[in-house]
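>>> have a look; sequence and predicted model below, questions after that.
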Amino acid sequence: MKSAARRNAIAEPPPFCYPCRGMSYEPVIGLEVHAQVLTESKIFCGCSTRFGEAPNRNTCPVCMGFPGVLPVLNRKVVEHTVRTGLATHCTIARSSRWARKNYFYPDLPKGYQISQYELPLCTGGHVDVSGDGASKRVRLTRIHMEEDAGKNIHDVRGDHSLVDLNRAGVPLMEIVSEPDMRSPGEAGDYLRTLRSILEYIEVCDGNMEEGSFRCDANVSLRPAGDDELGVKVEIKNLNSFKAVEKALEYEIGRQGRVLSEGGTVAQETRLWDPDAEVTRSMRSKESAHDYRYFPDPDLLPLDIDDEWIGEIRATLPELAQDRRDRFMEQYGLSAYDANLLTQRRDVADYFEAAVQAHANPKAIGNWLMGDLFRVLKERKLDAALRIERWPVEAADLARMVQMVDEGAISGKLAKTVFTDMLETGKGPDAIVEEKGLEQVSDSSALDTAVDEVLSACEAQVAEFRAGKEKVFGFLVGQVMKATRGKANPGMVNEILRRKLQG
């Protein structure tokens, strides 16, 4: 049975109620993404960042905030953040500063979070987003480094709450956008594009379920055509792209109803309730001065020289958007296919490796996007940052497509070969030889098979010659059945039609 909250949520007017009191409103959306930096150790100590360990196993006096301990900066975190800034066209600050962000919460053992405020590492920049056939540029405000807090665990022991500090000190990049998005769909497209960039440059695994890619959304409504921003509401507890889009849809509708009734939207932080599919008030929205930022006295200003930035820039790979455009031009792929094949770097690498082995990009792309994507999903291999061991080697997939192109096997038999490749790990040549799957292209043998089918199917032959063209497919199927699927379909069609019309 659905909860009362869920029923009420459904009974409310739908979201996107833009017209309010005779005035048309537009949403204004900005996103704050917290991306866990892909390192083996935390940002200011040597504790592991491994996910899923027993509570409080990955801790030490530094990340637990013991008195007198000193932080030591993880150089890899800085390198990955610079890498991200370069990939998103940011300006890299040659000198940046650490700050203490002060607030009290049980999962923050020091009573403050080490972050950056006045002088972040990366400023400006942008992410170009393609969605619904249109392109949009979302500007970035800043990218800065900070440490994560721990995790509160409620309702485990009656009315007690427990604290797990494994995540305390895990390195994060906070990527803050300008309020450039105007719909939940645009926000979802931006997040998907940003995650793809981070995965391509291998600085974050993008796993939203494990909390390594998290998002807070800021949304307001303003009269259409106005430049002034409305009252901003922040939404937290968003752990999937769908949750972000649904929460924004609901919140836009809620704010629209408030305005339509003559009310005022309160500046606050709200939580997304995924079960009831509503946002709920959490607290009034803090301002920067509420956190009492000040420079961290235990960490020196961070100075970066041009040489190191140049070295990092030289290691950047071809990013997804550039690769998509090249796939369309070089391989003649459609925009849709090129987009699917370049969303993940490992998929694009696999595709190009296969095409290098056999130059039929369209056929290889179809096998990859169809059968192989299905297997990756079934085996949950697509959840990893990079597929280290593919179910079928790129060269073997290419060879199988080549055998179809050369007429050695039919497209139908290729399905059998593909299944055997998955199960045995053997190459297509070995499987075809072992199972005797070579395609029959001998004209005399096919002549005989067609003659036998025509003799056995006199009624259908008469129907075809009387004008029932659909019967032709039946006769082709009978020849394929007689040859156990080995007959060359093209030759069967040619011989059969010649004999029927002769």
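Everything's here; your move. Numbers count the residues shown, from 1 in each chain.

>>> show me where the stretch 51-200 of the chain has helices.
Here the stretch 51-200 of the chain has its helices, by DSSP state H, counting those that start in this stretch, at 75-87, 184-200.

>>> extract the CA atoms of the shortest one and return them as PDB.
The C-alpha atoms that make up helix 75-87 are tabulated as PDB, following Å, rounded to 0.1, in the frame of the first residue of the first chain:
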ATOM      1  CA  ARG A  75      50.100  15.500  -4.300                       C
ATOM      2  CA  LYS A  76      47.900  13.200  -6.400                       C
ATOM      3  CA  VAL A  77      44.800  15.000  -5.300                       C
ATOM      4  CA  VAL A  78      46.200  18.300  -6.600                       C
ATOM      5  CA  GLU A  79      47.300  16.700  -9.900                       C
ATOM      6  CA  HIS A  80      43.900  15.200 -10.500                       C
ATOM      7  CA  THR A  81      42.100  18.500  -9.700                       C
ATOM      8  CA  VAL A  82      44.400  20.400 -12.100                       C
ATOM      9  CA  ARG A  83      43.700  17.700 -14.700                       C
ATOM     10  CA  THR A  84      40.000  18.300 -14.200                       C
ATOM     11  CA  GLY A  85      40.400  22.000 -14.500                       C
ATOM     12  CA  LEU A  86      42.300  21.700 -17.800                       C
ATOM     13  CA  ALA A  87      39.700  19.300 -19.200                       C
END
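
>>> change the start of the numbering to 384 and stick with it
That works, and once the first residue is 384, the last one we named lands at helix 458-470.

>>> buried set for that helix?
Neighbour counts using 16 or more other C-beta atoms under 10 Å place 459, 460, 461, 462, 463, 464, 465, 466, 467, 468, 469, 470 of helix 458-470 among the buried residues. For the C-beta atoms, the positions are set from N, CA and C on the backbone; glycine is no exception.

>>> show me what contacts residue 817?
residue 809 (C-beta atoms under 8 Å, 6 or more residues apart in numbering).

>>> I'd say residue 676 and residue 502 touch.
No: with contact defined as C-beta atoms under 8 Å, residue 676 does not reach residue 502; the gap is 11.1 Å.

>>> nearest spatial neighbour of the residue nearest the centre of the chain, skipping sequence neighbours?
The chain has residue 575 as the residue nearest its centroid, 5.1 Å off, counting by C-alpha atoms, centre = their mean. Once flanking residues are discounted, residue 575 sits nearest to residue 624: 6.3 Å by C-beta to C-beta, 6 or more residues apart in numbering.

>>> and the one you found, what's its pLDDT?
At residue 624, the pLDDT value in this model is 94.

>>> which residues touch it?
571, 574, 575, 591.

>>> filter those residues to the buried ones?
Applying 16+ other C-beta under 10 Å to the contacts of residue 624 flags 571, 574, 591 as buried.

>>> how about residue 797: what's its closest non-neighbour residue?
Nearest to residue 797 is residue 787, by C-beta to C-beta, 6+ apart, at 5.2 Å.

>>> next SSE downstream of the helix or strand harbouring the one you found?
Take DSSP states H and E as the rule and residue 787 turns out to sit in helix 777-788. Later in the chain than helix 777-788, the nearest helix or strand by DSSP H and E is helix 794-807.
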